[in-house]
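Asker: Generate a structure from the sequence data that follows.
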Amino acid sequence: MRLHTASTTAIVALLAFGDVWSQVRGNPTEWPTAYGDAQHTSWIRNDAHISVESMGQPGFELQWKSTLESPVRQGISLGPGVVTSGVNLFTPLSTIAAPSNQIFAVDNDTGNLFWTRHFDGTLPAGTAACPGGISGSVTRMTNLTISPAPARGGGGRGRGSYSSAVGEPGAGVPIPSRGGGPGRGAAPAAPPAAAGSTAPAAPAPAPPPPLPPSPFPTNARAQGSGGGLFRPSGVVHAVSADGMFRTLGLVSGKDVQQPARFIPAGARFSDLIAVNEMVYTATSQGCGGAANGVWAINTSDDKKVLSWKTNGGSPIGSVAFAPSGTAIVAVGPGTVTGGGHANAIVALDPQTLTAKDWFTQPGVEFIAPPVLFHESGKDIVAVTTRDGRILLLDAASLGGANHATPLLASPSLTDGAAIFAAQAPAMWQERVTPPATDDGTRWLLVPVSGRLPASAGATANGAVSSGAILAVRIGYQGGTFSVQPAWMSQNVAAPLTPIVVNGVVFAASASANAPAALYALNGRTGATLWQSGETITSPLSGRSLWVGSGHVFVGTRDGTVYAFGFAMERH
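Answerer: This is a model prediction of the structure:
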């Protein structure tokens, strides 16, 4: 392991100034797990620098690039990163898992390597189906809270507040509070009135702008609370190639808890997600002898492991969560045995991993992980199918009494000329008035492979030959949902799941044999606001795209991380 600092002792001393330093450095938005939040929205709703308005002005450009020593395995050298914005740490970091059995921590402001952790063991050559090494991203704890979204027009180039907790699309990404105390920005409690007194309690002093309180646990123990290196936002959870579960200190990359057996060595596992002191992943393709299914480990001292087998198809991507805590997983095609599942959406109890409910229908094949949102008291699951349809399901009753009735099933939006890509859709909601009312346009952003026909009904932003982002409006009126194709981006070859920052949609091309490109689109119209041109010189590394600290990050096959953003004060 290599540290990019003079000594761990010096770092610990500097942590005393971490909260102050983080307020003047960078932009405090976080990305604690793949797809940004527990509901897979891939949306940062508050950013102090990036907005449709600011992207219409010059200045958004490459800020730095840094090449990491990460050998390519099956075409991938870097996975998607997760971001710690600087809360309780003095340096905003991206923590990036690499299939070469390594994890890197990179300074978001400068690109400097903070530390590297290389896990022991010789890796087999691997195959496309079973690549070996680390196949899923790391995670930090992710809350499930729902909070109101701001009125339209937020964001810009000035300083902004921290984004709030997650839940429905628009709820953003949480900033965990410190263990043993109120979260950052919480108002001090007023002293109680004396017994028998009729006088009102003394008012509390005016607080700084508060964060919405969370009704869920802050997972202080799971994140290593206790001060110093062990503050709640001071760890990241990972799985090494040998299947061991690890909790690493963000300051050093060292194990701060004893590693524990989690999944079989050599398993192909999805991006991790941590919710309420549990870390979840899904295994697929039978790699390493691991059954197709979902796994969970308790981050407390007992490290109890749970698992659920599909007895059928492989899980598709990572596990999503309804705000209620229910785990939702998409399952692909396969031969079903013993009451198993294939081509299904399955709801699991998060504490036991027992199947609570499911949806399946003849002729329906799912190709991407789901995204969830909240509408009129219901948690809704949105999923895409191989033949270009969108299905909406009630998370509390996925397919009704017969497990086969969706709330809505759209016709094919591709007419056979293109297919929905095997990438999760993203979602954001445009709101025009506070507080948390469902009065704004909800957008589902679907990556499409191939040439999308004009008959799709979407407004074009240029000719599409090899891929695009299709924006679909999801309407709700009188208890009934509707979907309406709205716009189609310019050509984006082999598009990844897009990321939304405020109302700006960032799309990346992931062609296997061409340098990657990054595009910024107007989320309301699809018009191109900015593109990276020839700045990126290598193909994209798998799904290595993430945001945080006012930057958009792209990882490429040659091990280089590119950071795009507006120029900020740097130290």
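
Asker: only C-alpha atoms for contact and neighbour calcs from this point on.
Answerer: Fine.

Asker: who's in contact with the one helix or strand residue 357 maps to?
Answerer: Following DSSP states H and E, the helix or strand that holds residue 357 is strand 355-360. With contact meaning CA atoms under 8 Å, 6 or more residues apart in numbering, strand 355-360 is reached by 342-349, 397-399, 403-406.

Asker: What mean pLDDT does it get?
Answerer: The predicted model assigns strand 355-360 a mean pLDDT of 97.

Asker: Same question for stretch 491-504.
Answerer: If you average the pLDDT over stretch 491-504, you get 96.

Asker: Number the residues from 385 up from this point.
Answerer: New numbering, starting at 385: the last item is stretch 875-888.

Asker: what about that stretch, distance to the chain center?
Answerer: 14 Å (CA atoms, centre = their mean, to the nearest Å).

Asker: gap between the residue lying closest to residue 724 once chain neighbours are set aside and residue 899?
Answerer: Spatially, and ignoring its direct neighbours in sequence, residue 724 is nearest to residue 695 (4.3 Å; CA to CA, 6 or more residues apart in numbering). Distance, residue 695 to residue 899, using CA to CA, to the nearest Å: 39 Å.

Asker: what does residue 855 give?
Answerer: As it turns out, when the distance is counted by CA to CA, residue 855 lies 25 Å from residue 899.

Asker: between these two, which one's more packed in?
Answerer: Here residue 855 and residue 899 are compared on neighbour count by other CA atoms under 10 Å; more neighbours surround residue 855, at 27 against 18.

Asker: That one and residue 825 touch, don't they?
Answerer: No. Counting by CA atoms under 8 Å, residue 825 is not a contact partner of residue 855; they are 11.5 Å apart.

Asker: Which residue is the nearest non-sequential neighbour of residue 722?
Answerer: Residue nearest to residue 722 in three dimensions, not counting chain neighbours: residue 695, with 6.6 Å by CA to CA, 6+ apart.

Asker: correction: residue 804
Answerer: Take residue 804 and drop its neighbours on the chain: the residue closest to it by CA to CA, 6+ apart is residue 832, 4.5 Å away.

Asker: Checking residue 446 next. Helix, strand or coil?
Answerer: Per DSSP: H, G, I helix; E, B strand; the rest coil, the secondary structure class of residue 446 is strand.

Asker: That one pairs with what?
Answerer: On the basis of DSSP bridges, residue 446 takes part in beta bridges with residue 948.

Asker: ok, how many other residues are close to it?
Answerer: Residues near residue 446, counting by other CA under 10 Å, number 18.

Asker: ditto for residue 688
Answerer: Applying the criterion other CA under 10 Å, we find 14 residues in the vicinity of residue 688.

Asker: And it, its phi and psi?
Answerer: With angles defined as degrees, to the nearest 10, residue 688 sits at phi -70, psi 140.

Asker: quick one: contacts for residue 898?
Answerer: 922-923.

Asker: separation between it and residue 460?
Answerer: Computed as CA to CA, the residue 898 to residue 460 distance reads 14 Å.

Asker: and the strand holding residue 741, which strands flank it?
Answerer: strand 728-732 (antiparallel).

Asker: if we look at stretch 765-776, which residues are touching it?
Answerer: Applying CA under 8 Å, 6+ apart, the set of residues contacting stretch 765-776 from outside is 748-757, 764, 777-779, 790-800, 802-805, 809.

Asker: on that earlier part again, just the buried residues of the strand holding residue 741, please?
Answerer: 739, 741-744 (16 or more other CA atoms under 10 Å).

Asker: picking that back up, buried subset of the contacts of stretch 765-776, written for ChimeraX?
Answerer: Applying 16+ other CA under 10 Å to these leaves a buried subset, and the ChimeraX line that selects it is:
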select :748,749,750,751,752,753,754,755,756,757,764,777,778,779,790,791,792,793,796,797,798,799,802,803,804,805,809
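
Asker: Show me the contacts of stretch 765-776 that map onto strands.
Answerer: With strands taken from DSSP state E, the overlap with these comprises 755-757, 764, 777-778, 792-793, 802-804.

Asker: Serialize those residues to a markdown table and add fields for pLDDT and distance to residue 630.
Answerer: Output for the ones in strands among the contacts of stretch 765-776, formatted as a markdown table (pLDDT from 0 to 100; distance: CA to CA, whole Å):
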| residue | pLDDT | distance to residue 630 |
| --- | --- | --- |
| 755 | 97 | 27 |
| 756 | 96 | 28 |
| 757 | 93 | 31 |
| 764 | 96 | 33 |
| 777 | 98 | 35 |
| 778 | 97 | 35 |
| 792 | 96 | 41 |
| 793 | 96 | 41 |
| 802 | 71 | 41 |
| 803 | 82 | 38 |
| 804 | 89 | 35 |
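
Asker: Now do the end-to-end distance for stretch 916-932.
Answerer: The stretch stretch 916-932 measures 18 Å between its terminal residues, going by CA to CA.

Asker: circling back to that earlier point, show me what contacts the residue nearest to residue 722?
Answerer: 676, 719-725.

Asker: Shouldn't it be within a helix?
Answerer: No. Under three-state DSSP, residue 695 falls outside any helix and is assigned coil.

Asker: For it, report the pLDDT, please.
Answerer: Note for residue 695: predicted pLDDT of 97.

Asker: what do you get for residue 469?
Answerer: 77.

Asker: mind checking how far it is from residue 479?
Answerer: Distance from residue 469 to residue 479, counting by CA to CA: 11 Å.

Asker: for residue 457, same thing?
Answerer: 19 Å.

Asker: more neighbours, these two?
Answerer: Set side by side, residue 457 and residue 479 give different neighbour counts by other CA under 10 Å, the larger being at residue 479 (29 against 20).
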